[in-house]
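**Q** Following is a predicted model, sequence given first.
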Amino acid sequence: MLELRPFVRLALLGLLLPAASAYAQTVRAAVRTASAVPAVTMTLSAKPAELLSLVRTRYGINPDPNVIADLGEGDHAEVRRGAFPKTSPISRALFSPGEPVAVKIPYLDPGGMMAHEADVSRRLAAAGGSEIFVRAAHDAELGVLVMESLERYKTLDEWAEGRRAIAPRTLERIASQLKRGLAVLEAAGLVHSDLKPENILIGPRGRIKIVDFGISADRSGYPPYPEYHGWRGGHHDFVSANQLSNGPAAYEDDRHAVRAVLRRLRYRAATAASRARK
Ligand SMILES: Nc1ncnc2c1ncn2[C@@H]1O[C@H](COP(=O)(O)OP(=O)(O)OP(=O)(O)O)[C@@H](O)[C@H]1O
Ligand SMILES: [Mg+2]
């Protein structure tokens, strides 16, 4: 996966050039309006150093473009640790000044993916899902997603790999939280469409948080970017037959993904138990 990432970035760059140019314009506008930062002209690149510099000024993140993102990275973005500033376009109802935040910085933002993620997070919270879905808001000036920071969390895979045993009670607790997540998604009329171990984080006392609403869609719909209408995306190990054949978003897509995630965890638990018996 890691070796493919530069290729994925290049492919995105080629496919999404029109959206990329709109994004570059947004960043240019942000550069013009951001206070205390001299105006610069953006050049289009996978991870603009100027954007990192602006985000550093506002959120206090590590600006080094060569340093691996401290909280995580995916195919669309990297996630860095920061702090919510005194001045921000984001409402203080969501975050307080000084609060640790995770800042998702897109390599490219096709059709406003960060804004979409923030909107999905708001809808999930309104449907009663703030316990299980990450709280997030869009900083429209800088084009980044600002989230509650899940500092002591690991992805489900990292967590499972680091354990010698997984107790049935722990598995049940994970399963019931994921089922609760499915119920909230359905109450909100949404399909996450990318439920997989990298997007399911597990923290202290086995608490689950689901992240990454980039390709979430309204039920019976598609993600709101034309580039994804011919391909709804998803991960090959967790995608349903409907999603694979590019059918419109269905609740069954997420149910299928959760079954696959749990099957993988149960498999890990069984192999760990078998190793312990030898
Ligand atoms: N709020 C958060 N706090 C801490 N870590 C996070 C947070 N959100 C995301 N991460 C970490 O960053 C990684 C990448 O984030 P995310 O999945 O949103 O990016 P992406 O590029 O959209 O991913 P994908 O490759 O699945 O499309 C996650 O797998 C997770 O490990
Ligand atoms: Mg992800």
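**A** Alright, I've got the coordinates. Everything numeric here is computed off the predicted structure, so don't read it as measured data. Residues are numbered from 1 along each chain as shown. Ligands and ions are numbered 1, 2, ... in the order given.

**Q** Quick check, central residue of the protein?
**A** Compute the mean C-alpha point of the chain, and by C-alpha atoms, centre = their mean the closest residue is residue 212, 2.3 Å away.

**Q** Check which residues of the longest helix along the chain are buried.
**A** When the chain is scanned for its longest helix (criterion: DSSP state H), the result is helix 251-277. Of all the residues in helix 251-277, those buried under the rule 16 or more other C-beta atoms under 10 Å are 253-258, 260-262, 264-265, 268-269. From N, CA and C alone the C-beta is placed, and that goes for glycine too.

**Q** part of a strand, is the residue nearest to the centre of the chain?
**A** No. According to DSSP: H, G, I helix; E, B strand; the rest coil, residue 212 belongs to no strand; its state is coil.

**Q** any idea how far the residue lying closest to it once chain neighbours are set aside is from residue 213?
**A** Leaving aside its chain neighbours, residue 212 sits nearest to residue 199 (4.2 Å; criterion: C-beta to C-beta, 6 or more residues apart in numbering). Between residue 199 and residue 213 the computed distance is 9 Å (C-beta to C-beta, to the nearest Å).

**Q** more neighbours, these two?
**A** residue 213 (27 against 22; other C-beta atoms under 10 Å).

**Q** now the closest residue to residue 71 other than its chain neighbours, what's its secondary structure?
**A** Nearest non-adjacent residue to residue 71, counting by C-beta to C-beta, 6+ apart: residue 79, 4.2 Å away. Using three-state DSSP, the structure places residue 79 in strand.

**Q** burial of residue 79, as a residue count?
**A** With other C-beta under 10 Å as criterion, residue 79 counts 23.

**Q** repeat for the one 3 residues further on
**A** Other residues within reach of residue 82, judged by other C-beta under 10 Å, total 23.

**Q** Strands along the protein, start to end?
**A** 72-73, 77-83, 100-106, 136-139, 144-148, 154-155, 190-191, 200-202, 208-210, 217-218 (DSSP state E).

**Q** any chance of those in CSV, with mean pLDDT and distance to ligand 2 too?
**A** Below are the strands of the chain laid out as CSV (pLDDT from 0 to 100; distance: least, C-beta to the ion, whole Å):
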stretch, mean pLDDT, distance to ligand 2
strand 72-73, 92, 8
strand 77-83, 93, 8
strand 100-106, 95, 10
strand 136-139, 97, 13
strand 144-148, 97, 12
strand 154-155, 96, 9
strand 190-191, 98, 16
strand 200-202, 98, 10
strand 208-210, 98, 10
strand 217-218, 96, 16
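
**Q** most packed of these?
**A** Mean neighbour count (mean count of other C-beta atoms under 10 Å) peaks for strand 190-191 among those, with a mean of 28.

**Q** Give the pairing partners of that strand; include direction for each.
**A** Strand 190-191 has its sheet partners listed here by DSSP bridges as strand 217-218 (antiparallel).

**Q** So what's the gap between the partner strand and the chain middle?
**A** Relative to its chain's centre, strand 217-218 lies at 16 Å (C-alpha atoms, centre = their mean, to the nearest Å).

**Q** residues in contact with the closest residue to residue 211 other than its chain neighbours?
**A** In space, not counting the residues next to it along the chain, residue 211 is nearest to residue 134; the distance is 4.7 Å by C-beta to C-beta, 6+ apart. By C-beta atoms under 8 Å, 6 or more residues apart in numbering, the contact list for residue 134 reads 121, 147, 148, 150, 209, 210, 211.

**Q** ok, of the residues you listed, which one's closest to residue 176?
**A** Minimum separation from residue 176 among the contacts of residue 134 (C-beta to C-beta) is found for residue 210, which lies at 13.9 Å.

**Q** For this structure, which residues are neighbours of ligand 1?
**A** Residues of the chain lying near ligand 1 by C-beta under 6 Å from any ligand atom: 71-77, 79, 102, 104, 134, 147-150, 155, 194, 198-199, 211-212, 214.

**Q** returning to what we had before: what touches both of residue 199 and residue 213?
**A** Taking C-beta under 8 Å, 6+ apart as the criterion, residue 199 and residue 213 both touch residue 192.

**Q** that older thread, return the member of the buried residues of helix 251-277 nearest to ligand 1.
**A** Nearest to ligand 1 out of the buried residues of helix 251-277 is residue 257 (C-beta to the nearest ligand atom; 12.2 Å).

**Q** Please identify the buried residues of stretch 227-245?
**A** In stretch 227-245, counting by 16+ other C-beta under 10 Å, buried: 227, 228, 232, 233, 234, 235, 238, 239, 240, 242, 243.
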